[in-house]
Structures are given as structure tokens and as C-alpha cells.
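Engineer: what follows is a protein structure lacking sequence information:
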Ligand code: AMP
């Protein structure tokens, strides 16, 4: 299996998973833009949204559930949803994924979306999302 996200879905490569259902898996982005930056991917291999737009419908329940989970557990003030299709759009991993990025009032606005926050402790964030409450 060549595809990185297929390998994560199959459990061959470790990831900090925050959610899974029949159609989708969600895990923390390894190089987050903001605290709680999460990727939602379909279990089946789909290159991008342009190739199979219906795949978005399959993962829609997961996108909703994970958005709610992130905002609640991380006390975020807002959230961005982004999916890139194709090299020109900046896609780097060619397995459909939706970025869910919790946002906070102290760094508002779209211009700040991809300005990376430094020093995020992924294990701590993961525990905050999936740990006992
Ligand atoms: P894109 O540029 O939209 O294709 O986004 C790909 C994302 O995958 C980037 O934000 C990467 O940081 C993230 N990424 C790459 N490898 C891994 C991995 N092993 N686990 C979690 N996220 C990853």
C-alpha cells in the first residue's frame, strides 16, 4: 500500500486518532497550523474531491461530529474547514482529506489560518480531545 493516509486508516502507520466511523477516520495533523488541527479522511481511497465529489457526503457525518468534538473539548471560538484538490491548490497528500482547524479569538481571521502556531504539544492536545471527561 503506497498511500500514506490509506496506511494510517489500516493502522500500519500510527496517528493520533480522535474519531472513527464506518466511512471515515479523523486524526491530528502532524504539523498543525493551530491547536487541534485535525484531518478527516474517507476509509476508502479517493484521490481528491474533484475525482469523487460524492465522497464528501460519505464523510459529512464525521466532519460534523469532529467539528463539534474539537470546539467543545478545546473550547475554541470558531473553526475553519478546508480541502485542497490538486497540486495547484496546494494538495500534498493525494488521499481526500478535510482540514478542520479550531480557531481562537486572540488570532482571528483567514489570513492567520495558515500562520503556524509554534510549540504545540500534540500528545497533550490529543489527550484533551479524547481523554476522560
Ligand atoms: P494537504 O497539503 O492539504 O495535502 O495536507 C496534507 C496534510 O497532511 C498536511 O497538513 C500534513 O501536515 C499532514 N500530514 C502528513 N503526514 C501526516 C501524518 N503521518 N500524520 C498526520 N498528518 C500528516
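Structural biologist: Arrived safely, thanks for sending. All values derive from a computational prediction rather than experimental measurement.

Engineer: does residue 27 lie in a helix or a strand, and which?
Structural biologist: strand 24-28 (DSSP states H and E).

Engineer: that strand: partners in the sheet, and parallel or antiparallel?
Structural biologist: strand 17-20 (antiparallel), strand 38-42 (antiparallel) (DSSP bridges).

Engineer: how about the first one: buried residues?
Structural biologist: The one in question is strand 17-20. 17, 18, 19 (16 or more other Cβ atoms under 10 Å). C-beta: built from backbone N, CA, C; applies to glycine.

Engineer: thinking again about what came up before, for the record, mean pLDDT for the strand holding residue 27?
Structural biologist: Taken as a whole, strand 24-28 has a mean pLDDT of 98.

Engineer: repeat for stretch 62-70
Structural biologist: Averaging pLDDT residue by residue across stretch 62-70 gives 98.

Engineer: ditto for stretch 38-56
Structural biologist: pLDDT averaged over stretch 38-56 gives 95.
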